[in-house]
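In: For reference, the sequence and a predicted model appear below.
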Amino acid sequence: MKNKFRVFATCDIGPALDLLRERGYELEIYPQPQAPPKGFIIEKVKSGIDGLITTLRDSIDAEIFEAGKGTLKVVAQYAVGFDNLNRADANRYKIPFTNTADVLTEATAEFAFFMLGVLARKMWPAEHLTRENRWGFWHPYLPFLGDEVTGKTIAIIGTGRIGLAMIKKCAGFDMNILCYDPAFQNHAYINAIQEILDLRHARGISREINWIRYVTFEEAVRDSDFVSVHVPLLREGESATPTYHLFNEKTLRMMKPAAFLVNTSRGPVIDEAALATALREKWIAGAALDVYEREPLPADSPLRDPAIADRCRLMPHFASAARITRLDPDPNKGMAGRCVQGLVDVLEKNYGGDFTKMPYVVNKEAFTE
Ligand code: NAD
């Protein structure tokens, strides 16, 4: 059967798009690697497309939905985070939007853990030493030492999908884990991790008895050697516990001077000006960042200050950037597959056309009585 749906993708998401071509869709892909200007997206939507595939680089709000009034049926976001998409506007226009949760959970969590290790063990300055031929001798503590990860305490801020996956990885490194989440506390998972930690000790696999528990935000941030952030970006008015600038001068000063901050969530969760000061003035020992208040990171960002380069790792929003995670056409493996399936579910009225039953539709509340 040939479908007549028209779809515009603001970005090439790889071979998974062949599924749409095979199903007879008319597909147009923005040809540049950069994001299209918003006006360009509006023109495409106005031309009567049925489906729009977006990335976190596109700002999707009432202007877009107005342009697609009567024709646009779905926005399929190629990401789990959707802070670039105005949920209230989508609901007002009754446009379902989908995301690609779950398939990027392990890749993002492992990247957060690797960033943490690279930062704490000073792998970046150590490799520079070798490459720049400044490695003159072996010495017990010169020119610098790193800090161990094994056996330390980590705060997990946000115990959703990625936070829980990060906990699993930290447990493997005999870490103690302080969890904070004001909205979702998965006690069954935390209890299971404690059982595993206890068993590892009982069987002589780990030397110390490690522990995990939920605590307040202050306790988590104050009592940890590492703080890893796994929250969505929620601005004032979007949540009773917004995450915008959750890490600011006040909360950064709560951290131990020897502690490290890791952020793979969204840039605006951290006040970057305050963080740059914290690193320069050594309120904390270091930070590893994958996401920024403005992306790509501006040339004049205070985070680029060479004076803090040894303790500030800067990644290019790369945590989910692994081959299978990004491109696999299987909706149970890849973001691309899940994005395409979410779009197809809506356009082809799978699940009896009931948006509330479609697994990848996010704003189900717009379609309940
Ligand atoms: P999720 O919705 O499963 O988990 C988020 C958790 O944060 C929820 O449990 C929620 O209750 C909690 N939360 C909300 N407000 C909070 C607050 N004020 N303090 C502490 N916790 C709070 O989402 P997820 O799949 O785990 O993804 C988390 C975020 O990670 C995404 O929203 C996205 O922005 C980001 N992300 C980034 C990358 C990357 O490439 N760097 C990749 C994937 C996801």
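Out: Arrived safely.
In: Excluding chain neighbours, give the residue nearest to Gly14 in space.
Out: Closest residue to Gly14 apart from its sequence neighbours, by CB to CB, 6 or more residues apart in numbering: Leu327 at 4.2 Å. Just so you know, the C-beta spots here come from the backbone N, C-alpha and C atoms, and that holds for glycine as well.
In: Could you tell me how many residues sit around the one you found?
Out: Residue crowding around Leu327 was assessed by other CB atoms under 10 Å; the count is 16.
In: thought it was touching Leu17?
Out: No - judged on CB atoms under 8 Å, Leu327 makes no contact with Leu17 at a distance of 10.4 Å.
In: intersection of neighbour lists for these two?
Out: Shared contacts of Leu327 and Leu17 (CB atoms under 8 Å, 6 or more residues apart in numbering): Ala336.
In: Would you mind measuring from Asp300 to the ligand?
Out: Plainly put, Asp300 is 23 Å away from the ligand if you go by CB to the nearest ligand atom, to the nearest Å.
In: Would it be right to say that that residue lies in a strand?
Out: No - using DSSP: H, G, I helix; E, B strand; the rest coil, the assignment for Asp300 is coil, not a strand.
In: Now do the contacts for it.
Out: Applying CB under 8 Å, 6+ apart, we find Asp300 in contact with no residue.
In: Before we move on, what's the pLDDT of it?
Out: Looking at Asp300, its pLDDT is 98.
In: Over to it: give its phi and psi.
Out: phi -100, psi 20 (degrees, to the nearest 10).
In: repeat for Val75
Out: Phi and psi for Val75, reported as degrees, to the nearest 10, are phi -120, psi 120.
In: Please report the distance of it from Gly48.
Out: For Val75, the distance to Gly48 (CB to CB, to the nearest Å) stands at 15 Å.
In: Spell out which parts of this protein neighbour the ligand.
Out: Contact residues (CB under 6 Å from any ligand atom) of the chain with the ligand: 80-81, 101, 104-105, 108, 157-163, 180-184, 230-234, 239, 241, 243, 246, 264-266, 290-291, 317, 319-320.
In: Sort out which of the residues you listed are in helices and list them.
Out: Secondary structure from DSSP state H places Thr105, Thr108, Arg161, Ile162, Gly163 of the residues of the chain next to the ligand in helices.
In: show me the contacts for whatever residue of the chain ends up closest to the ligand.
Out: With CB to the nearest ligand atom, the shortest gap between the chain and the ligand falls at Gly160, namely 1.7 Å. Counting by CB under 8 Å, 6+ apart, Gly160 touches Asp181, Phe184, His230, Val231, Pro232.
In: The protein: strands as residue ranges?
Out: Using DSSP state E, the strands of the chain run over 6-9, 26-29, 51-54, 74-77, 97-98, 153-157, 176-180, 212-214, 226-229, 260-263, 286-289, 312-314.
In: neighbouring strands for the fourth one, and are they parallel or not?
Out: Each strand that pairs with strand 74-77, with its direction, by DSSP bridges: strand 51-54 (parallel), strand 97-98 (parallel).
In: next one: the last one
Out: Within its sheet, and counting by DSSP bridges, strand 312-314 is paired with strand 286-289 (parallel).
In: pLDDT (mean, whole number) over the strand it pairs with?
Out: Confidence for strand 286-289, expressed as mean pLDDT, is 99.
In: Buried residues in that strand, which are they?
Out: Across strand 286-289, burial judged by 16 or more other CB atoms under 10 Å covers Gly286, Ala287, Ala288, Leu289.
In: now do stretch 181-199
Out: Within stretch 181-199, the residues scored as buried using 16+ other CB under 10 Å are Asp181, Asn186, Tyr189, Ile190, Ile193, Gln194, Ile196, Leu197.
In: Stretch 215-230 too?
Out: Phe217, Ala220, Val221, Arg222, Asp223, Ser224, Asp225, Phe226, Val227, Ser228, Val229, His230.
In: gap between it and the chain center?
Out: Stretch 215-230 sits 18 Å away from the centroid of its parent chain (CA atoms, centre = their mean, to the nearest Å).
In: who's in contact with it?
Out: Residues contacting stretch 215-230 (CB under 8 Å, 6+ apart): 109, 112, 116, 120, 147, 149, 152-160, 162-163, 166, 175, 178-180, 182, 246-247, 251, 254-256, 258-265, 269-270.
In: Now, of these, which are buried?
Out: Using 16+ other CB under 10 Å, the buried members of these are 109, 112, 116, 120, 147, 149, 152-160, 162-163, 166, 175, 178-180, 246-247, 251, 254-256, 259-265, 269-270.
In: Can you tell me how far Leu27 is from Gly117?
Out: Leu27 sits 41 Å away from Gly117 when distances are taken as CB to CB.
In: ok, those two, which is more surrounded?
Out: Neighbours were tallied for Leu27 and for Gly117 using other CB under 10 Å; the higher tally belongs to Leu27 (18 against 14).
In: quick one: the more buried one and Arg21 touch, right?
Out: Yes - using CB under 8 Å, Leu27 makes contact with Arg21 at a distance of 5.9 Å.
In: Which pLDDT value goes with Gly334?
Out: The model reports Gly334 with a pLDDT of 98.
In: The closest residue to it other than its chain neighbours and Tyr244, how far apart?
Out: Leaving aside its sequence neighbours, Gly334 sits nearest to Asp328 (CB to CB, 6+ apart; 2.8 Å). Going from Asp328 to Tyr244 by CB to CB gives 33 Å.
In: hang on, the earlier thing: and which of the buried residues of stretch 181-199 is nearest Phe8?
Out: Among those, Asp181 lies closest to Phe8 (CB to CB), at 36.7 Å.
In: give the contact list for the closest one.
Out: Going by CB under 8 Å, 6+ apart, Asp181 touches Ile157, Gly158, Thr159, Gly160, Gly163, Tyr214.
In: shouldn't Thr264 be in contact with Ala287?
Out: No - counting by CB under 8 Å, Thr264 sits too far from Ala287 to count as a contact (11.8 Å).
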